[in-house]
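Engineer: Build me a model:
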Amino acid sequence: MDVQQSELKQDIAKVCMLAGKIMLQNGAETYRVEDTMNRIAASFHYPDANSFVTPTGIIFSIEGINTTRLYRIKDRGTDLYKVTLVNSLSRVISDGQLSVNEAYEKLKNIEENTDTYPIWLHVLSASIISGCFLIMFNGTWKDFIPAMLSGGFGYAINLYTHAMIKIRFLSEMFSSFVIAVVAFFLVANHYGTGLDVIIISSLMPLVPGVLITNAVRDLMAGDLVSGLSKGAESMLTALAMGVGVAIVFSIF
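Structural biologist: As a prediction, this is how the structure comes out:
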């Protein structure tokens, strides 16, 4: 009986860790990840579980398990649909409708689900967003197309360089550099008039809005380590974007 109880606790810990991993890798706030993991454990009659989450790691334990589980988070992105799926699944678990094994299988399906929008649609969306931000920033309709071109091209470069380099700071700096170069070229050839507003609106798809929001939310919730680290990451992103544009201005 003790062996079966220990194995059950191990399986519950696996479910909680997988749920936390999926949420943290896809843009969930720290407090939400911890709360979801603890709720899942409590749903399986172990309310004494403890979780500690940072942007780069998850630590989880249940009373009675000799080994504390640790998972290192290396890659993070934004897929709020997966976060929503895990949240919905945790509610189903809380209602007692799933066993431990069933919950684990469903979480594995969520994790392995790679159905995302194609790259061309990402780039097209970034282009439209850039043009719309230009109008929001009181730009002229003559600059709408230049903003779309520079924003879409810069976002495509960001996706490509991030896949090649894996260093976020460098990919964002190079993307900002490319955006500024394209904007300068279009304005110099009289395809646009407002250089500053074109560059600013084209940079908006690169702004880490979810990261900044999560940083503030974590600080408000008392998760100081996560809040400060996410805030520092967002500031580093802003610095990279500023450096890329500044290099172009210093050259031209």
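
Engineer: switch to C-alpha atoms for all contacts and neighbour counts from now on
Structural biologist: OK.

Engineer: Burial check on residue 98, number of neighbours?
Structural biologist: 16 (other C-alpha atoms under 10 Å).

Engineer: so it makes contact with residue 92?
Structural biologist: Yes. Judged on C-alpha atoms under 8 Å, residue 98 makes contact with residue 92 at a distance of 7.0 Å.

Engineer: which neighbours do those two share?
Structural biologist: The overlap between the contact sets of residue 98 and residue 92 (C-alpha atoms under 8 Å, 6 or more residues apart in numbering) is empty.

Engineer: which outside residues touch stretch 102-111?
Structural biologist: Contacts for stretch 102-111 (C-alpha under 8 Å, 6+ apart): 14-15, 18-19, 22, 82, 85-86, 89, 93.

Engineer: Please point out which parts of that stretch sit buried.
Structural biologist: Buried residues in stretch 102-111, counted by 16 or more other C-alpha atoms under 10 Å: 103-104, 106-107, 110-111.

Engineer: repeat for stretch 232-252
Structural biologist: Neighbour counts over stretch 232-252 (16+ other C-alpha under 10 Å) mark 233-234, 237-238, 240-246, 248 as buried.

Engineer: What's the mean pLDDT across stretch 238-246?
Structural biologist: The average pLDDT for stretch 238-246 rounds to 91.

Engineer: Run the chain-centre distance for it.
Structural biologist: Centre-to-centre, stretch 238-246 and its host chain are 20 Å apart (C-alpha atoms, centre = their mean, to the nearest Å).

Engineer: Also stretch 191-208?
Structural biologist: 22 Å.

Engineer: Contacts for the one helix or strand residue 145 maps to next, please.
Structural biologist: Assigned by DSSP states H and E, residue 145 belongs to helix 144-165. Outside helix 144-165, the residues that touch it by C-alpha under 8 Å, 6+ apart are 123-132, 134-135, 168, 171-172, 174-176, 178-180, 182-183, 186, 191-192, 198-199, 201-203, 205-206.

Engineer: quick one: residue 134 from residue 121, how far?
Structural biologist: 20 Å (C-alpha to C-alpha, to the nearest Å).

Engineer: Those two: which is more packed in?
Structural biologist: The residue with more neighbours, out of residue 134 and residue 121, is residue 134; 27 against 10, by other C-alpha under 10 Å.

Engineer: what separates the closest residue to the more buried one other than its chain neighbours from residue 223, distance-wise?
Structural biologist: Take residue 134 and drop its neighbours on the chain: the residue closest to it by C-alpha to C-alpha, 6 or more residues apart in numbering is residue 201, 5.1 Å away. Using C-alpha to C-alpha, one gets 32 Å for the distance from residue 201 to residue 223.
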